[in-house]
Each structure stands twice: as structure tokens, then as C-alpha cells.
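[1] Show me the folded form of this:
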Amino acid sequence: VQLVESGGGLVQPGGSLRLSCAASGFTFSSYAMSWYRQAPGKERELVAIIRSTGGSTYYADSVKGRFTISRDNAKNTVYLQMNSLKPEDTAVYYCKAVRTYDSANYYWGQGTQVTVSS
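    Numbering: from 1, shown residues only. You can find the predicted model right below:
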């Protein structure tokens, strides 16, 4: 099983980034996918969730209206489009896969660094 995040980097405030998480080794379409982030000295927090079919999403208040989660089940990939980035969005971003109706069955990616700074 692998979850491989990519797309992180350094961006100026107000800029955009698109993160990707490529999955392999499990039935991607049977898993809800989510993005979490962890800033230095802080606990990991949920950013966004998308259900297995892609029909339902949830966003943390701090990113609502700026971030969009999406998935392509044909490509086994989940995305996080991040717009209007702020310095407080700086963190390591992780994707997580949770099997539908079986929350004890989950996988984490290794994370990708996002730094928002001028």
C-alpha cells in the first residue's frame, strides 16, 4: 500500500498550489480520502474530506472557500487545490485513506511540505 503526495513547495501569500496524492495497493474507490496538515509545534488537523464516490465533501472552517478537494477514481488520485494561500497555511500536508464503514482500516501518506512566505 502506498500513498504518495506531491505538489508542495514555496509560494507567496495569495498564491496557489495543487497537491496530489497517488494511491496504490488497495481499492481506492472503496475509501474516503482526506487531507490533513501539521504545522510546527501544532497537532495534525483535518483540512478536507471527500467520500468514496466523490459526492460529498467537508472542509475545515479555516480553508472553506479557498481549498477544493477532488478525486479521480480512474487515476487512483486525490487532489487538493489551494488558492489564496496564507502564511498560516504553512504545514506538512498529509493524505489519508479510510475504508468506508471500517474506520479502523486506514493508511497515511508521507507528507509534502507547503510553505507560504514572501
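
[2] Return the residues in contact with the spatially most central residue of the chain.
    Geometric centre of the chain, nearest residue: residue 35, 2.7 Å, by CA atoms, centre = their mean. When contacts are counted by CB atoms under 8 Å, 6 or more residues apart in numbering, residue 35 touches 19, 21, 46, 47, 48, 69, 78, 80, 93, 94, 95, 96. For every residue, glycine as well, the C-beta is placed using N, CA and C.

[3] beta partners for residue 21?
    Bridge pairing for residue 21 (DSSP bridges) gives the partners residue 5, residue 78.

[4] neighbours around the nearest residue to the residue nearest to the centre of the chain once chain neighbours are set aside, how many?
    The spatially closest residue to residue 35, leaving aside those adjacent along the chain, is residue 47, at 4.4 Å (CB to CB, 6 or more residues apart in numbering). By other CB atoms under 10 Å, 24 other residues sit near residue 47.

[5] Now find how far off-centre the helix or strand residue 47 falls within is within its chain.
    Assessed by DSSP states H and E, residue 47 sits inside strand 45-50. Relative to its parent chain, strand 45-50 has a centroid offset of 7 Å by CA atoms, centre = their mean, to the nearest Å.

[6] quick one: average confidence on that strand?
    The pLDDT scores in strand 45-50 average 98.

[7] which one is residue 52 nearest to, not counting chain neighbours?
    Distances taken as CB to CB, 6+ apart place residue 100 nearest to residue 52, at 5.1 Å, with adjacent residues excluded.

[8] Verify the stated contact: residue 112 with residue 19.
    Yes - applying CB atoms under 8 Å, one finds residue 112 in contact with residue 19, separated by 6.2 Å.

[9] The helix-or-strand element of the chain with minimal mean pLDDT: which residues count as buried?
    In the chain, no helix or strand scores lower on mean pLDDT, DSSP states H and E than strand 102-108, which sits at a mean of 92. When neighbours are counted by 16 or more other CB atoms under 10 Å, the buried residues of strand 102-108 are found to be residue 107.

[10] Tell me the helices and strands packed up against it.
    For strand 102-108, the elements it packs on are strand 91-99, judged by 3 or more CB pairs under 8 Å, 6 or more residues apart in numbering; DSSP states H and E.
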